[in-house]
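Chemist: Give the three-dimensional model of this entry:
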Amino acid sequence: MMQDGEYRSKLIKLLNDQARAELEASTIYSRWVHKAPGPEERLHLAEIAHEETEHWYGTIKVLEGVKVTPQEAKDYAGRSWFYTVSHVLIPRYRWVDILMLTFLIDRGAFLLVEDFARSSYAPWARFAKRVLEEEVGHMDFGNDFVRAQVDKLGTPKVQPALNKWWRVALNMFGPPTTRHTQQYIRLGLKYRSNEERRQAFLLSCEQQIKEMGLQVPKLYRQSYPFI
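Modeler: Numbering: from 1, shown residues only. Take a look at the predicted model:
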């Protein structure tokens, strides 16, 4: 497989994207550990930050297996404007924003790693299965602590954060299909389209939102991009 230039290039792109996402999550959560409002929150967030760092490191090691150095992966990550902008916004986050990240964004990450756990590239599939188990805990943290915030502060103070991050979460899956979608599926590097993952996300999230006493945010646009 690795002698196939098409296969190798698509695999490297997915791995680079994943390494970038894991490093970003590790950085954000690490910066917030000392700001957590209580001992339980601090402990759980520290665990998540540690696991995200391990996920980044593991992805880097898989990249090394396909002859991509850590510096090359770092240079690739540095070319994205999205993460540059997010670094500017980090100081403006509140604790409830961090909770929404774990509740929404980590749930989306779980769905993507589900695809990777079935990857035709065995080293990546093996590692992704380990990541998948830990991502469940990240979602549980988001569920439990968002619910606790609702109980403590009331829905009027939590709903705005959900409204803000809802469109971001829906957009993170990208357009319904891309010119590479069928290529990824044919090569066994993914098994669902962006839209199929987005619909799975909606099915998973909406019930949780309602059970917390919150409302599923209304959208100005009903299709991608949700802005």
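
Chemist: CA-only coordinates of stretch 154-174 in CSV, if you can.
Modeler: Below are the C-alpha coordinates for stretch 154-174, written out as CSV (Å, rounded to 0.1, in the frame of the first residue of the first chain):
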residue,chain,number,x,y,z
GLY,A,154,-29.6,27.9,35.2
THR,A,155,-30.3,27.5,31.5
PRO,A,156,-30.2,31.3,30.7
LYS,A,157,-26.5,31.5,31.5
VAL,A,158,-25.5,28.3,29.7
GLN,A,159,-27.7,28.5,26.6
PRO,A,160,-25.7,31.4,25.0
ALA,A,161,-22.5,29.3,25.1
LEU,A,162,-24.3,26.4,23.4
ASN,A,163,-25.7,28.8,20.8
LYS,A,164,-22.2,30.2,20.0
TRP,A,165,-20.5,26.8,19.6
TRP,A,166,-23.3,25.0,17.9
ARG,A,167,-22.6,26.4,14.4
VAL,A,168,-18.9,25.9,14.9
ALA,A,169,-19.5,22.3,15.8
LEU,A,170,-21.7,21.7,12.7
ASN,A,171,-19.2,23.4,10.4
MET,A,172,-16.2,21.4,11.7
PHE,A,173,-17.3,18.4,9.5
GLY,A,174,-16.8,20.5,6.4
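
Chemist: hmm, who's touching that stretch?
Modeler: Here stretch 154-174 makes contact (CB atoms under 8 Å, 6 or more residues apart in numbering) with 94, 96-97, 99-101, 104-105, 107-108, 146, 149-150, 194-195, 197-198, 201-202, 205, 209, 213-217, 219, 224-227. Using the backbone N, CA and C atoms, a C-beta is placed for each residue, glycine as well.

Chemist: In strands, which of these appear?
Modeler: Using DSSP state E, no member of the contacts of stretch 154-174 falls within strands.

Chemist: Restricted to buried residues, select those in PyMOL.
Modeler: Buried residues among the contacts of stretch 154-174 (16 or more other CB atoms under 10 Å), as a PyMOL selection:
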select buried, resi 96+97+99+100+101+104+105+107+108+146+149+150+194+195+197+198+201+205+209+214+217+226
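
Chemist: Okay, Tyr7 and Gly188: tell me how far apart.
Modeler: Distance of Tyr7 to Gly188, given as CB to CB, to the nearest Å: 9 Å.

Chemist: So for the two, which sits in the more crowded spot?
Modeler: Legend: neighbour count by other CB atoms under 10 Å for Tyr7 and Gly188, higher for Tyr7 (18 against 15).

Chemist: Can you tell me which of the contacts of stretch 154-174 end up in helices?
Modeler: Using DSSP state H, 96-97, 99-100, 107-108, 146, 149-150, 194-195, 197-198, 201-202, 205, 209 are the members of the contacts of stretch 154-174 that sit in helices.

Chemist: That's all I had, so thanks and see you.
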